[in-house]
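Q: got a predicted model here, sequence first, then my questions.
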Amino acid sequence: MLYGYFKKLVIADRLAIFTGTVFGNIENYEGLIILIALVFSTFQLYMDFSGCMDIVCGTSQLFGIKLENNFNHPFFSKSAAEFWRRWHITLGAWFKDYVYMPVVTSKWLTKATTIIKNKYGKELAKKVNTTIPLAIVWLLTGLWHGTGWNYILWGIYWGTIITISTIFTKQYKKLSEILHINTTSREYQRFQIFRTFFIFTFARLITALNTLEDSFIAIKQLFSSFNPWIFWDGSLYRLGLDYKDMCIAILSLLFVYKVSILQERSSVRQLIAEKNIILRWTIYYIAFFSIIILGIYGTGYNASDFIYANF
């Protein structure tokens, strides 16, 4: 629970000040400021949502109820498909069981793919059998988040990305062989992780802003100027977060990153539990007072205001 509150109050709510300032008046900003706001928005969403689930899971365990893990470090994913197997796991499982599989095994799709297979070959039939269910799933996923055009476009965006990556898997493999790319190297895997993060962050352009019109303005403004001087002239620290708050946000993100690496290898909770009582409670107190001291409690603050409460 403490880890969830740390993500929510120290990181997500702090980053929300910056993103709210920029996205609330998007026409006034350009270049790197929008890019930074997008990256912050990505981390804000993850810290808010995963923090919420950490709190819920912790609270449930107080009553002897163990809930399924809803996140599995999605930003370590090497592909869009893997990302969505790690992000909002329960929603993905629901769509797989109640939408994807029923469509794949439906009589009308089976009949259609059989006709295509007989006329045009097995390969095309396989692609159709993949494309149609994915298109339906992602359209409905977009509508699940909201009925606005931005969410519909968001669903189409992700459906297109995942469908293309699935259909052309063999071609990607052949291209890697032609270019002599070592796909098992650490450098290539880091590239894959960065690429997946970029794909997700770009998608935030569609849903992070108030309207689809604002999203198009943001895309235009993003490429309209290159303004690296914001790091030196102080303008970056006049968007809701001063230098101190910016440092707290970045250092906190690095802390979560290090914890996530440890969690990929073993249970951090178990590691702490194995320590002696003095060290264990020292860690608990440090975590508690870090939240109290560094947490954001602004005007109109409401502890129940999680982003995903709107969906």
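A: Yes, it's here.
Q: going forward, measure contacts and count neighbours with C-alpha atoms only.
A: OK.
Q: what distance do you get for the spatially most central residue of the chain to residue 83?
A: Nearest residue to the geometric centre of the chain (CA atoms, centre = their mean): residue 46, 5.5 Å. Per CA to CA, to the nearest Å, residue 46 is found 12 Å from residue 83.
Q: which residues in the stretch 1-150 of the chain form helices?
A: For the stretch 1-150 of the chain, applying DSSP state H, counting those that start in this stretch gives helices covering 2-5, 13-24, 32-62, 80-86, 89-95, 101-104, 107-120, 122-145, 149-167.
Q: need these in a markdown table with distance to residue 188 and mean pLDDT, can you?
A: Formatted as a markdown table, those follow (distance: least, CA to CA, whole Å; pLDDT from 0 to 100):
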| stretch | distance to residue 188 | mean pLDDT |
| --- | --- | --- |
| helix 2-5 | 31 | 90 |
| helix 13-24 | 30 | 94 |
| helix 32-62 | 22 | 94 |
| helix 80-86 | 16 | 94 |
| helix 89-95 | 26 | 93 |
| helix 101-104 | 33 | 94 |
| helix 107-120 | 36 | 91 |
| helix 122-145 | 27 | 91 |
| helix 149-167 | 17 | 92 |
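Q: now distance to residue 177 too, for these, in a markdown table please.
A: Putting the helices of the stretch 1-150 of the chain into a markdown table (distance: least, CA to CA, whole Å) gives the following:
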| stretch | distance to residue 177 |
| --- | --- |
| helix 2-5 | 43 |
| helix 13-24 | 42 |
| helix 32-62 | 33 |
| helix 80-86 | 21 |
| helix 89-95 | 32 |
| helix 101-104 | 32 |
| helix 107-120 | 28 |
| helix 122-145 | 21 |
| helix 149-167 | 17 |
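Q: buried sites along whichever strand or helix holds residue 292?
A: In the assignment (DSSP states H and E), residue 292 maps to helix 277-294. Neighbour-count burial for helix 277-294, counted by 16 or more other CA atoms under 10 Å, picks out 291, 294.
Q: one more: stretch 114-126?
A: Applying 16+ other CA under 10 Å to stretch 114-126 flags 114, 116-117, 125 as buried.
Q: from these, which single one is nearest residue 77?
A: For the buried residues of stretch 114-126, the residue nearest residue 77 by CA to CA is residue 125; the value is 28.8 Å.
Q: quick one: secondary structure of residue 226?
A: Of the three states, residue 226 takes coil according to DSSP: H, G, I helix; E, B strand; the rest coil.
Q: that one contacts residue 32, correct?
A: Yes - contact status for residue 226 versus residue 32: in contact at 6.5 Å, counting by CA atoms under 8 Å.
Q: shaky segments in the stretch 201-311 of the chain?
A: Applying pLDDT under 70 to the stretch 201-311 of the chain flags the ranges 298-311.
Q: can you show me the helices along it?
A: Remark: helices assigned in the stretch 201-311 of the chain by DSSP H, counting those that start in this stretch are 212-222, 243-265, 268-273, 277-294.
Q: just tell me which of those helices ends up closest to residue 91.
A: Of all the helices of the stretch 201-311 of the chain, helix 243-265 comes closest under CA to CA, at 21.7 Å.
Q: between the helices of the stretch 1-150 of the chain, which one is closest to residue 254.
A: Closest approach to residue 254 among the helices of the stretch 1-150 of the chain (CA to CA): helix 32-62, 11.4 Å.
Q: check the offset of the closest one from the chain's centre.
A: Relative to its chain's centre, helix 32-62 lies at 9 Å (CA atoms, centre = their mean, to the nearest Å).
Q: do the same with stretch 189-201
A: 11 Å.
Q: please apply the same query to stretch 108-124.
A: 36 Å.
Q: ok, stretch 148-157 next?
A: Using CA atoms, centre = their mean, the offset of stretch 148-157 from its chain centre is 16 Å.
Q: hang on, the earlier thing: the residue nearest to the centre of the chain and residue 71, how far apart?
A: Plainly put, residue 46 is 9 Å away from residue 71 if you go by CA to CA.
Q: what does residue 23 give?
A: Distance, residue 23 to residue 71, by CA to CA: 26 Å.
Q: comparing these two, which residue is more hemmed in?
A: Under the criterion of other CA atoms under 10 Å, the comparison of residue 23 against residue 71 puts residue 23 first, with 22 against 19.
Q: contacts only, for that one.
A: When contacts are counted by CA atoms under 8 Å, 6 or more residues apart in numbering, residue 23 touches 37, 208-210.
Q: go again with 6 Å.
A: Counting by CA atoms under 6 Å, 6 or more residues apart in numbering, residue 23 makes contact with residue 209.
Q: closest one to residue 192 among the helices of the stretch 201-311 of the chain?
A: Counting by CA to CA, residue 192 lies closest to helix 243-265 out of these; the figure is 16.9 Å.
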